[in-house]
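Asks: Please work out how this folds:
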Amino acid sequence: MATKFIDKITIPSDRFEMRLSGSGGQGMIFASVVLSKAIGIGSTKNVVQSQSYGPEARGGASKADVVVSDNEIYYPKAMKLDLLLAMTQEALDKYYPDLKEGGTLIIDSSMIDDVPTDKYYALEFTRIARKDVGHIMVANVVALGAIAAITGLVSKERLVETVLERAPKGTEDKNRKAVDIGYEEALKLKK
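Replies: Down below sits the predicted model:
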């Protein structure tokens, strides 16, 4: 019943909806909080972030939505995604149907083998984090760099600043490097 109701709502054209999805422990909620703050601070845009995860602390499905609008946001949940980040096959399978036609799909190709479309951006976020940055825990930050480059919603500098404000002390170099690599690798895909 609720799904039928949501299908009848007219989504304002200035609304941009993103979902960051993966499994518990991959930092999707952290990433969405950072992305929301980076977009909203010093901007005229309104931003809302919401989250959902399975009963398991680690390994269960996890998603976080970010809604951006030039106007008031009356409904905080994503209804039809403009952008989907999928860090696992399970997340892609579960949330791909929520991506609107022509929406942007970004996947972690080191974790996903079966993609239901040929229109997507693929980067090996997990491999890049482990091999190029030196810690798998920053795969989410590599993905944030890619989102910034692909969408242009936030500058790389503002994203780095926000990541460093929220990340644990002592991780500054790895997080800065993670954003830089994600951003630069995604720019190569846009050419």
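
Asks: Would you confirm that residue 84 belongs to a strand?
Replies: Yes - Residue 84: assigned to a strand according to DSSP: H, G, I helix; E, B strand; the rest coil.

Asks: beta partners for it?
Replies: residue 19, residue 105 (DSSP bridges).

Asks: For residue 135, grab phi and psi.
Replies: phi -160, psi 120 (degrees, to the nearest 10).

Asks: Near it, how many other residues are there?
Replies: Residue 135 has 14 neighbours, counted by other C-beta atoms under 10 Å. Quick note: C-beta positions are derived from backbone N, CA and C, even for glycine.

Asks: burial measure for the nearest residue to it once chain neighbours are set aside, as a count.
Replies: Nearest non-adjacent residue to residue 135, counting by C-beta to C-beta, 6 or more residues apart in numbering: residue 174, 5.5 Å away. Using other C-beta under 10 Å, residue 174 has 16 neighbouring residues.

Asks: show me the contacts for the residue nearest the centre of the chain.
Replies: Nearest residue to the geometric centre of the chain (C-alpha atoms, centre = their mean): residue 20, 3.7 Å. By C-beta atoms under 8 Å, 6 or more residues apart in numbering, the contact list for residue 20 reads 28, 31, 32, 35, 63, 64, 65, 66, 85, 87, 140, 143.

Asks: Same question for residue 180.
Replies: The neighbourhood of residue 180, defined by C-beta under 8 Å, 6+ apart, consists of 145, 156, 160.

Asks: export these to a markdown table and tack on secondary structure?
Replies: A markdown table is the format used below for the contacts of residue 180 (three-state DSSP):
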| residue | secondary structure |
| --- | --- |
| 145 | helix |
| 156 | helix |
| 160 | helix |
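
Asks: out of those, who has the most neighbours?
Replies: That'd be residue 145 among the contacts of residue 180, by other C-beta under 10 Å, with 30 neighbours.

Asks: quick one: the helices in this structure?
Replies: Here the chain has its helices, by DSSP state H, at 2-7, 28-40, 89-95, 125-127, 139-151, 156-166, 172-190.

Asks: Among the ones you listed, show me which one is buried the most.
Replies: helix 139-151 (a mean of 27; mean count of other C-beta atoms under 10 Å).

Asks: Now that helix: average pLDDT?
Replies: Over the span of helix 139-151, the pLDDT mean works out to 98.

Asks: circling back to that earlier point, of the contacts of residue 20, closest to residue 179?
Replies: Taking C-beta to C-beta as the measure, residue 179 sits nearest to residue 143 out of the contacts of residue 20, at 9.8 Å.

Asks: returning to what we had before: dump the contacts of residue 20 to CSV, plus distance to residue 98.
Replies: Formatted as CSV, those follow (distance: C-beta to C-beta, whole Å):
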residue, distance to residue 98
28, 15
31, 18
32, 15
35, 18
63, 10
64, 13
65, 10
66, 14
85, 12
87, 16
140, 20
143, 18
